[in-house]
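Novice: fold the stuff below for me.
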Amino acid sequence: MGDEEAIRFVDWVRDAAPYFHTFRGKTFVLAFGGEVAQGERMEDLCHDCNLLAALGVRLVLVHGSRPQIEAEVARRGLQSHYHRGLRVTDARALECVKAAVGVTRIEIEARLSQGLPNTPMAGAFMRVTGGNFITARSIGVVDGIDYQFTGTVRRVIADEIAADLDQQNVVLISNLGVSPAGEIFNLAMEEVAEQVAIALNAEKLIYLCDAPGLLDGHGRLIDAITAEEAERMFNAGVGLTEDLHLFLPRAIKAVRNGVARAHLIDRDKDGALLLEFFTRQGVGTMVARDPLHRLRQASTEDVGALLQLLAPLEADGTLVRRGRELIEMEIGRFTLVDHDGVVVGCAALYPFPEDGMAEMACLVVNPEYRRAGLGERLLQHIASEARTRGFKELFVLTTRTEDWFRERGFREESMEALPERKRDLYNFQRRSKVFIKTL
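Specialist: Residues are numbered from 1 along each chain as shown. Okay, here's the model as predicted:
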């Protein structure tokens with residue numbers, strides 16, 4: 001390993017470390033169709049699931065079996081019938097479903113149980129459990145079509161699943177459910193996953209799908225979206241693949257019923273789970289009930305994160321260097337942008353009441369998040385706070401970003417326009433430009 005490659009590896013591990021701590025002990029429900037179960041990526045997916053389990057993630061896997069069922073139907077010389085995207089399961093089709101689901105489940109268990117040397121699962125032993133965790137009932141007759149043995153989830157036995165997870169087992173759930181009368185029903189994998197995630201109050205519900213995630217009108221990936229925004233996209237129906245049409249409403253319902261986050265990830269991207277959860281930018285679309293980015297007041301617990309955020313700009317001279325002691329003393333002046341528990345932006349407000357002015361300092365946004373408009377949100381927040389406290393003008397000192405401030409209503413002034421206390425502290429070597437905005 002070369003020096004540069006080693007440095008990149010160390011940087012990645014350090015950047016990922018906060019996520020290791022955050023996800024330990026949390027419940028993830030991972031849903032994937034039969035295409036994944038029989039595809040080339042299943043081996044790699046098992047390796048990644050093993051890593052998540054080793055990091056302390058409580059893992060529930062929910063698998064589908066549609067292509068396997070189709071193959072079994074064809075083998076027996078039968079015809080498949082669908083209505084509104086759901087299979088109409090008569091008695092003969094149910095026999096195909098039971099056969100296909102049983103074989104698929106056994107094959108997944110076998111892959112999860114590997115532990116060969118010189119593989120990512122060397123030395124591992126994932127205990128995979130299952131059971132009659134899902135009770136179901138018939139969908140009945142819809143639009144004059146009798147779905148027969150196609151069912152819907154009636155209840156999830158969450159306590160039993162949680163007990164298995166407490167024993168550090170990985171729980172594997174198939175797309176079958178049983179009724180109190182002993183009937184077997186064919187269920188939609190996406191509904192089973194959604195209901196299991198809600199019942200377990202899961203941290204994450206993840207769907208592996210036939211698309212990179214949701215795309216905007218320009219074909220660019222939407223990395224995060226609120227449930228309300230996602231619902232509008234779904235109702236518009238533009239750009240939704242077959243999987244997204246099935247999975248998106250389930251993701252929306254899940255986050256509205258207590259699941260912290262739902263993720264739509266490309267099933268064909270190698271390592272997609274690791275990239276989504278252990279890198280800041282991710283690779284899929286995350287659905288949340290509320291906006292992902294939130295502004296909050298900094299506290300002493302944020303000092304380390306602030307120092308890390310400011311360090312690159314202090315190193316290149318964009319910002320004046322501040323030590324830990326000064327940050328600790330002035331922590332109450334800082335507003336932070338929190339991205340899913342990670343500090344990605346900040347700004348500070350310094351009052352000069354004798355002159356009716358306030359200074360905005362340390363306006364910083366992590367480069368990976370600058371397209372999200374976070375700098376604009378911080379500026380608006382600081383300006384609003386200054387206005388509320390009775391200040392008439394807001395000023396900044398800058399050496400690199402004068403155009404950005406001009407575009408947002410700041411005017412350039414001479415040093416004499418600064419409050420007297422600030423003039424006394426002016427650093428003539430930096431020769432910062434003065435910009436003022438009337439509030």
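Novice: three-state assignment of the residue most central in space within the chain?
Specialist: The chain has Met286 as the residue nearest its centroid, 4.2 Å off, counting by C-alpha atoms, centre = their mean. Following DSSP: H, G, I helix; E, B strand; the rest coil, we place Met286 in the strand state.
Novice: contacts only, for it.
Specialist: Asp223, Ala224, Ile225, Arg261, Ala262, His263, Glu276, Leu292 (C-beta atoms under 8 Å, 6 or more residues apart in numbering). Glycine gets a C-beta too; all of them are placed from N, C-alpha and C.
Novice: highest neighbour count among these?
Specialist: Within those, Ala262 tops the neighbour count with 31 neighbours, counted by other C-beta atoms under 10 Å.
Novice: that one touches Ala254, doesn't it?
Specialist: Yes - under the criterion of C-beta atoms under 8 Å, Ala262 makes contact with Ala254 at 5.2 Å.
Novice: between these two, which contacts overlap?
Specialist: Contact with both Ala262 and Ala254 is made by residues Ala197, Leu205, according to C-beta under 8 Å, 6+ apart.
Novice: where does the prediction get shaky in the stretch 101-250 of the chain?
Specialist: 115-125 (pLDDT under 70).
Novice: where do the helices sit along it?
Specialist: Remark: helices assigned in the stretch 101-250 of the chain by DSSP state H, counting those that start in this stretch are 158-166, 189-199, 227-236, 242-256.
Novice: could you report the neighbour count for Gln148?
Specialist: Neighbour tally, Gln148, other C-beta under 10 Å: 19.
Novice: please apply the same query to the one 5 residues further on.
Specialist: A total of 21 residues lie near Val153 under the criterion other C-beta under 10 Å.
Novice: who does it form a beta bridge with?
Specialist: Beta-bridge partners for Val153, by DSSP bridges, are Ala136.
Novice: return the distance of it relative to Arg137.
Specialist: Separation of Val153 from Arg137 (C-beta to C-beta, to the nearest Å): 9 Å.
Novice: give the contact list for the closest residue to the residue nearest to the centre of the chain other than its chain neighbours.
Specialist: Residue nearest to Met286 in three dimensions, not counting chain neighbours: Ala224, with 4.8 Å by C-beta to C-beta, 6 or more residues apart in numbering. The contact partners of Ala224, by C-beta under 8 Å, 6+ apart, come to Thr285, Met286, Val287, Ala288, Leu292.
Novice: the third one and Ala251 touch, don't they?
Specialist: Think Val287. Yes - between Val287 and Ala251 there is a contact under C-beta under 8 Å: 4.7 Å.
Novice: which neighbours do those two share?
Specialist: Counting by C-beta under 8 Å, 6+ apart, the contacts common to Val287 and Ala251 are Ala230, Ala262, His263, Leu264.
Novice: restricted to helices, list those residues.
Specialist: In helices, defined here by DSSP state H, the members of the shared contacts of Val287 and Ala251 are Ala230.
Novice: from the shared contacts of Val287 and Ala251, which is closest to Glu5?
Specialist: The nearest member of the shared contacts of Val287 and Ala251 to Glu5, counting by C-beta to C-beta, is His263 at 29.0 Å.
Novice: any idea what the closest one is bridged to?
Specialist: Here His263 sits in beta bridges with Ile206, Met286, going by DSSP bridges.
Novice: check it and give its pLDDT.
Specialist: With respect to pLDDT, His263 has a value of 96.
Novice: does it touch Ala202 like I think?
Specialist: No - look at His263 against Ala202 with C-beta under 8 Å: they stay out of range, at 11.4 Å.
Novice: end to end, how far does stretch 428-439 reach?
Specialist: Start-to-end span of stretch 428-439 (C-alpha to C-alpha, to the nearest Å) is 27 Å.
Novice: centre of the chain versus that stretch, how much separation?
Specialist: Mean C-alpha position of stretch 428-439 versus that of the full chain (C-alpha atoms, centre = their mean, to the nearest Å) differs by 39 Å.
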